[in-house]
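Visitor: task: produce atomic coordinates for the following.
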Amino acid sequence: MNSRKGIEEFLSRPLELEKEIRNDIDHIASLRSIVENTTTKLGLTAGRNPSRNDKVFEETMLEITEEERKLEDKYLRLAELKKKNEELICSLENPRYRRVLRMHYIYGMTWQAIAERLNVTERHVYYLKRKAHDELLHYGVSP
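Guide: Model (predicted):
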């Protein structure tokens, strides 16, 4: 990382992954709804002939299983990314810089929410963020 943009991109990866995870959870929920509707239509009556709904049910259950496996992998990756971010943030000497970056990149707070919590302007929060990035660049800290 040799630029503010590089630092920003690195630190933002967990936030982007969290968005993906939320989307995946919504997708799995919609698949579960399909399964629920299909099982209601099927009535799960033993001894009947297989139908198209049976095929939809099986395919959807397989997709749910695969999506849940992928989701587990993403959660593990998220934990790794947040750990790397925490290590990078801990390398900052200034506790205020650490706090601002941790609140955003680890806890997912918006810059506005951070400003409110710290009782400063949002502009000042951006200043602190920029200074933190500069400190990381100055000391050549990289993930």
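Visitor: from here on, contacts and neighbour counts on C-alpha atoms
Guide: OK.
Visitor: how about Ile114, what does it touch?
Guide: Contacts here follow CA atoms under 8 Å, 6 or more residues apart in numbering; on that basis Ile114 touches 100, 103-104, 122, 125.
Visitor: now stretch 67-75, how far from the centre of its chain.
Guide: Taking CA atoms, centre = their mean, to the nearest Å, one finds stretch 67-75 lying 12 Å from the centre of the chain it belongs to.
Visitor: the contacts of Ile114: which two are farthest apart?
Guide: Met103 and Glu122 (13.5 Å; CA to CA).
Visitor: circling back to that earlier point, just the contacts of Ile114: which are in strands?
Guide: Among those, none falls in strands (DSSP state E).
Visitor: buried subset of those residues as a ChimeraX selection?
Guide: Selection command for ChimeraX covering only the buried members of those, criterion 16 or more other CA atoms under 10 Å:
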select :100,103,104,122,125
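Visitor: just put the contacts of Ile114 in JSON lines and tack on pLDDT.
Guide: Compiled in JSON lines, the contacts of Ile114 are given as follows (pLDDT from 0 to 100):
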{"residue": "Val100", "pLDDT": "98"}
{"residue": "Met103", "pLDDT": "97"}
{"residue": "His104", "pLDDT": "96"}
{"residue": "Glu122", "pLDDT": "97"}
{"residue": "Val125", "pLDDT": "98"}
